[in-house]
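Asks: could you work out the structure for the sequence below:
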Amino acid sequence: MIICVEMAQMMQGRLSGHRICRVLDSEERSDSNLGRLFCLFFMKHKSKKKTDSFHWLERNSPKVTGWINDQQKKTDHYLSKCKNNSLLKKRFKKLLRVETMMLPHRTREYIYYRYRKNNEEQPSLYRQHGTKGHRELLINPNKLSGKDKSFIVDWMVSHNGKFILVAFSKADNDCYELRIFDIRVKKFLKDIIPSELYPNINAWNAESTGFWYSKGSKKVKGEEKFHKRIYFHNIGGPISKDQLVFGGSLHKHDYPSVQLSHDKKCLITTVVRIDWTTSVFYKDLKNIKHKFIEITKGLNAESFPYVNNGYIYLLTNHKAPNYKVLRRKISDNNLGPWETFIKENKHKLEGLHSVSGYIFLSYIENVVSKLYVIDLHNGKKKQIDLPGLGSMHYFSTDFDSGEIFFSYSSFSSPITFYRVLGNNPKLSFFWQQKLSADLNNIQVSQKWYKSKDGTKIPMFIINKKGLKIDGNNPALVYAYGGFNSSETPAFGGTTIPFIEDGGVFVVVNIRGGGEFGKKWHDAGKLKKKHKAFEDFADALKYLVKNKYSNSQKIAIHGGSNGGLLVSVIMLRYPELFKTAVIAVPVTDMLRYHLFNGGRWWIAEYGDPENSEMKKYLLKYSPYHNIKKENYPSALIVTSDKDDRVHPMHSYKFTAALQENKYQKNPILLRVERNAGHSGTSSMTPFIEKSADMYAFIYKQLGMEGV
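Replies: All right, here's what the predicted structure looks like:
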């Protein structure tokens with residue numbers, strides 16, 4: 001009976017040939033003559049449907065390890081022959097080995113931040129007393145070695161300033177271990193939340209005697225990122241006794257997080273659903289018997305809560321593609337009705353930042369950041385002047401002091417941290433990265449072009465001043481186009497040598513991103529994903545038509561969802577460019593949802609188990625659309641411990657391209673060891689990876705003589 005069911009599935013195209021034979025040859029079915037006969041018949045008369053020839057690269061095995069090692073040897077040999085590799089490493093070392101600061105955050109009288117000295121591999125955690133105080137070292141991960149070697153990926157100071165909850169990652173990926181650092185004695189406590197169920201930091205309690213965190217409620221192989229629940233841990237108590245606080249009935253894909261209101265009177269829990277809508281729950285801490293109540297019923301949207309001056313504020317795109325702000329009053333355990341506080345306008349409201357008596361609003365206006373502050377006492381709104389056409393990327397708030405810190409940069413100015421107070425909306429400089437490059441020689445322009453369907457798409461073009469635009473310049477074109485992510489101006493040190501050597505660096509704001517709100521995102525996802533591909537292809541055509549470059553001088557680059565983008569462009573539009581650098585890509589669109597947290601991407605790509613969606617995905621899935629053709633050269637970059645986009649996507653795509661006997665241009669795979677989705681934050685391997693990527697680009701674009 002089981003065999004008949006499997007046969008029926010095969011006839012419907014639901015099982016591939018190797019799967020049929022594996023099923024029929026399995027131990028429990030080995031006595032079936034019918035099964036053996038059918039398997040022989042199937043092998044003799046192969047299905048015309050595409051088979052997954054490199055399915056074996058999805059598993060960890062000695063065979064896969066050997067294959068990866070062989071690939072790396074070939075890649076290392078090729079890159080060692082690139083004339084610019086050693087020189088680029090020296091240039092990147094000089095450019096990137098500079099002092100670097102991560103986002104500051106104030107708690108009480110101290111300002112905390114991560115800081116890396118120019119001779120260190122990764123940043124350490126420091127604090128200083130006020131804006132002028134002496135820098136005091138707290139945690140130095142560079143001193144950790146052996147089994148203790150880890151990267152600091154997140155941290156949170158307790159309200160009383162005595163403890164720091166720190167998230168460490170062994171491979172600089174999404175798998176964190178939580179530990180508590182005692183600032184007074186500068187030692188870690190014995191409490192450790194293990195990494196196996198992917199715990200995340202949420203919030204300290206008011207008394208600083210414990211904290212809320214999220215983790216999986218059970219361990220199912222392959223589902224370690226799912227089944228999230230909120231727990232509370234008392235300092236010094238056994239982890240096994242941590243209290244389940246919220247989420248016992250949540251679906252396995254739901255992602256909860258909790259925050260404590262600044263007045264310490266309530267808990268607010270946000271649950272992100274698999275379709276990216278959110279449900280927000282409120283709990284009054286003054287009433288012991290009070291349970292979590294949902295306060296966003298009827299709002300089928302993305303919603304993010306903040307508590308300020310007796311109100312719950314909600315940044316939401318409910319009936320507002322560019323987002324708006326609602327609020328409802330908290331009064332003696334009663335919540336008033338939602339009312340509109342900030343109306344939607346033509347620009348995207350990117351963020352809300354709440355401090356005592358004030359709310360800061362960050363907008364994106366034509367892909368450039370704008371910042372405003374609203375006085376909650378009188379409702380007056382003021383714009384805060386920002387230095388030029390750049391963007392804010394990270395914010396931290398100190399509610400009681402009314403202060404926010406944020407990072408600011410542009411394509412031609414390095415990261416700078418500013419602070420601003422609600423009652424004095426004037427920027428105060430805090431810190432800026434100092435580089436050895438002459439950034440005054442860089443020119444930035446924003447251009448608009450029409451895509452295939454007539455939609456106007458913006459792009460940023462960055463080059464050195466005085467560059468002759470004659471159609472012969474090498475160009476590096478980057479885009480992302482997905483997950484509502486906005487590609488606003490940001491400084492990237494690795495692009496500087498390319499620009500100095502006469503290259504044109506281009507960032508394209510294709511549909512699928514979040515630069516113009518929900519409509520822009522929706523226009524490039526699910527069954528409209530092809531619009532993002534068309535936008536990028538037409539950007540390449542625009543650059544050639546307007547003599548910024550030519551097809552034999554263009555390199556394209558993207559990572560993650562952007563890696564999917566350039567993989568598709570490589571197969572669909574090979575005539576438009578010379579070479580591609582593809583980082584941590586999604587390439588198997590029929591199986592992406594089966595690995596790590598891939599099921600959370602269904603709202604973006606669609607469900608491969610839906611027959612209609614599967615047909616659409618199959619039309620562009622890079623792994624399934626390699627034809628008998630010599631495609632442009634490509635360097636495919638991945639990490640062996642990437643637990644966000646499984647490296648099997650890179651492995652299988654590389655293998656399929658190399659198997660194509662018509663492929664003459666080089667297809668190389670570079671695997672970073674013991675690293676996560678963004679690689680490792682250690683400087684030496686980052687510099688080496690950057691040099692390899694650009695050495696490959698230089699060789700392919702004929703820049704080795706510069």
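Asks: quick one, what contacts residue 163?
Replies: Contact criterion Cβ atoms under 8 Å, 6 or more residues apart in numbering gives 157, 180, 181, 182, 183, 189, 204, 208, 235 as the residues in contact with residue 163. Where you see a C-beta, it was placed from the backbone N, CA and C, and this is true even at glycine.
Asks: okay, and which of these map to helices?
Replies: With DSSP state H as the criterion, helices contain none of the contacts of residue 163.
Asks: got those residues as TSV, with pLDDT and distance to residue 398 columns?
Replies: Rendered in TSV, the data for these read as follows (pLDDT from 0 to 100; distance: Cβ to Cβ, whole Å):
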residue	pLDDT	distance to residue 398
157	98	11
180	98	22
181	98	20
182	98	22
183	98	17
189	98	25
204	98	14
208	98	16
235	98	23
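Asks: for residue 541, which non-adjacent residue is spatially closest?
Replies: residue 576 (6.8 Å; Cβ to Cβ, 6 or more residues apart in numbering).
Asks: now do the strands in the stretch 401-550 of the chain.
Replies: Counting by DSSP state E, counting those that start in this stretch, one finds strands in the stretch 401-550 of the chain at the ranges 403-410, 413-421, 424-432, 442-450, 456-464, 475-479, 504-508.
Asks: wait, which of these is closest to residue 251?
Replies: Taking Cβ to Cβ as the criterion, strand 475-479 is the member of these that comes nearest to residue 251, at 33.0 Å.
Asks: and that closest one, average pLDDT?
Replies: Confidence for strand 475-479, expressed as mean pLDDT, is 98.
Asks: and the strands of the stretch 401-550 of the chain as JSON lines, adding mean neighbour count and distance to residue 658?
Replies: Written out in JSON lines, the entries for the strands of the stretch 401-550 of the chain read as follows (neighbours: other Cβ atoms under 10 Å; distance: least, Cβ to Cβ, whole Å):
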{"stretch": "strand 403-410", "mean neighbour count": "23", "distance to residue 658": "39"}
{"stretch": "strand 413-421", "mean neighbour count": "20", "distance to residue 658": "39"}
{"stretch": "strand 424-432", "mean neighbour count": "14", "distance to residue 658": "45"}
{"stretch": "strand 442-450", "mean neighbour count": "15", "distance to residue 658": "35"}
{"stretch": "strand 456-464", "mean neighbour count": "20", "distance to residue 658": "33"}
{"stretch": "strand 475-479", "mean neighbour count": "25", "distance to residue 658": "24"}
{"stretch": "strand 504-508", "mean neighbour count": "25", "distance to residue 658": "29"}
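Asks: for residue 682, find the nearest of the ones you listed.
Replies: Ranking the strands of the stretch 401-550 of the chain by proximity to residue 682 (Cβ to Cβ) places strand 413-421 first, at 18.9 Å.
Asks: which ones are touching residue 98?
Replies: 118, 433, 434, 435, 436.
Asks: ok, those vs residue 442, which is closest?
Replies: With Cβ to Cβ as the yardstick, the closest approach to residue 442 among the contacts of residue 98 comes from residue 435, at 11.5 Å.
Asks: so that closest one sits against residue 493, correct?
Replies: Yes. Applying Cβ atoms under 8 Å, one finds residue 435 in contact with residue 493, separated by 6.9 Å.
Asks: so what sits against both of these two?
Replies: When contacts are counted by Cβ under 8 Å, 6+ apart, residue 435 and residue 493 have 95, 414 as shared neighbours.
Asks: what subset of the contacts of residue 163 is buried?
Replies: Judged by neighbour count, with 16 or more other Cβ atoms under 10 Å as the criterion, the buried members of the contacts of residue 163 are 157, 180, 181, 183, 204, 235.
Asks: out of those residues, which are inside strands?
Replies: In this view, the buried ones among the contacts of residue 163 that belong to strands under DSSP state E are 157, 180, 181, 204.
Asks: and these, which two are furthest apart?
Replies: Using Cβ to Cβ, the pair of those lying farthest apart is 181 and 204, separated by 12.9 Å.
Asks: which neighbours do these two share?
Replies: The contact sets of residue 181 and residue 204 overlap at 163, 165 (Cβ under 8 Å, 6+ apart).
Asks: point out where this structure drops to low pLDDT.
Replies: Counting by pLDDT under 70, the ranges of the chain that qualify are 1-50, 333.
Asks: residues making contact with stretch 656-672?
Replies: Contacts of stretch 656-672 (Cβ under 8 Å, 6+ apart): 53-54, 68, 71-72, 74-75, 78-79, 623, 626, 628-640, 647, 650-651, 654, 679-680, 685, 689, 692, 696.
Asks: about what we covered before: the residue nearest to residue 541 and residue 539 touch, don't they?
Replies: No. Taking Cβ under 8 Å as the definition, residue 576 is not a contact partner of residue 539, at 9.5 Å.
Asks: rewinding a little: tabulate the strands of the stretch 401-550 of the chain (TSV), appending distance to residue 166.
Replies: Conversion of the strands of the stretch 401-550 of the chain to TSV gives the following (distance: least, Cβ to Cβ, whole Å):
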stretch	distance to residue 166
strand 403-410	20
strand 413-421	21
strand 424-432	22
strand 442-450	37
strand 456-464	37
strand 475-479	33
strand 504-508	34
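Asks: those strands: which one's closest to residue 487?
Replies: Comparing these against residue 487 with Cβ to Cβ, the closest turns out to be strand 504-508 (5.7 Å).
Asks: near the residue nearest to residue 168 when sequence neighbours are not counted, how many residues? Count them for me, please.
Replies: Across the structure, with Cβ to Cβ, 6+ apart as the measure, the residue nearest residue 168 apart from its sequence neighbours is residue 150 (3.8 Å). Counted with other Cβ atoms under 10 Å, residues neighbouring residue 150 total 20.
Asks: which residues touch residue 150?
Replies: Contacts for residue 150 (Cβ under 8 Å, 6+ apart) come out as 141, 144, 168, 169, 170, 177.
Asks: would you map the helices across this structure?
Replies: When assigned using DSSP H, the helices of the chain occupy the ranges 2-11, 17-25, 33-44, 62-80, 85-96, 496-500, 518-522, 529-545, 561-572, 602-605, 611-620, 648-659, 683-700.
Asks: winner for burial among the ones you listed?
Replies: Using mean count of other Cβ atoms under 10 Å, the stretch among the helices of the chain with the greatest mean number of neighbours is helix 561-572 (a mean of 26).
Asks: using PDB, list the CA coordinates for that helix.
Replies: Presented in PDB, the C-alpha positions along helix 561-572 are these (Å, rounded to 0.1, in the frame of the first residue of the first chain):
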ATOM      1  CA  ASN A 561      18.200  37.900  -1.100                       C
ATOM      2  CA  GLY A 562      20.500  40.100  -3.200                       C
ATOM      3  CA  GLY A 563      22.500  36.900  -4.000                       C
ATOM      4  CA  LEU A 564      19.300  35.400  -5.300                       C
ATOM      5  CA  LEU A 565      18.800  38.600  -7.400                       C
ATOM      6  CA  VAL A 566      22.300  38.400  -9.100                       C
ATOM      7  CA  SER A 567      22.000  34.700  -9.600                       C
ATOM      8  CA  VAL A 568      18.800  35.200 -11.500                       C
ATOM      9  CA  ILE A 569      20.300  38.100 -13.500                       C
ATOM     10  CA  MET A 570      23.300  35.900 -14.300                       C
ATOM     11  CA  LEU A 571      21.100  33.300 -16.000                       C
ATOM     12  CA  ARG A 572      18.500  35.600 -17.600                       C
END
